[in-house]
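[1] quick one: sequence and predicted model below, then my questions.
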Amino acid sequence: MPGSNFVLDVDTVVIAIGQGPNPLIQDTTPGMSTNKHGNIVADESGKTTKEGVFAGGDIVTGAATVILAMGAGKVAAQSIHKYIQDKKQSLS
């Protein structure tokens with residue numbers, strides 16, 4: 001729609017796209033463990049094996065419901081917030 005474009009200044013971007021693993025993840029992201037299906041390995045908080053990277057939803061579990069993906073996104077967002085706050089405190 002005309003006039004609907006805008007620029008948003010942000011400090012962090014959370015990518016939330018797709019329903020399956022990108023096969024390039026294994027080759028382009030050192031330190032990021034994936035399972036035999038190419039899904040990212042993450043713990044219950046969404047923390048992956050790569051420092052500072054969190055994941056949830058279909059990229060971790062494989063195709064599931066939107067509700068489960070939303071729940072996983074919420075958990076990962078809370079974990080990201082805690083991670084950032086802990087990093088800030090350790091720099092103080």
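    That came in fine, so what should we check first?
[2] show me what contacts the closest residue to Val53 other than its chain neighbours?
    Distances taken as C-beta to C-beta, 6 or more residues apart in numbering put Met32 closest to Val53, at 6.7 Å, once the chain neighbours are dropped. For every residue, glycine as well, the C-beta is placed using N, CA and C. When contacts are counted by C-beta atoms under 8 Å, 6 or more residues apart in numbering, Met32 touches Ile25, Gln26, Ile40, Thr48, Thr49, Lys50, Val53.
[3] state the distance from Gln78 to Gln89.
    Gln78 sits 17 Å away from Gln89, going by C-beta to C-beta, to the nearest Å.
[4] show me where the protein has its strands.
    Ranges of strands within the chain: none, based on DSSP state E.
[5] shaky segments in it?
    Filtered on pLDDT under 70, the chain yields the residue ranges 16-20.
[6] may I ask you to name the longest helix in the protein?
    helix 66-91 (DSSP state H).
[7] helices or strands up against it?
    Packing partners of helix 66-91 (3 or more C-beta pairs under 8 Å, 6 or more residues apart in numbering; DSSP states H and E): helix 58-61.
[8] pull the CA atoms of the helix it packs on into CSV?
    Extracted as CSV, the C-alpha positions of helix 58-61 are listed here (Å, rounded to 0.1, in the frame of the first residue of the first chain):
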residue,chain,number,x,y,z
ASP,A,58,9.4,-25.9,14.0
ILE,A,59,13.2,-25.4,13.5
VAL,A,60,13.7,-27.4,16.8
THR,A,61,10.8,-29.8,16.9
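[9] that older thread, which pair in the contacts of Met32 spans the largest distance?
    The span of these, defined through C-beta to C-beta, is set by Gln26 and Val53 at 14.0 Å.
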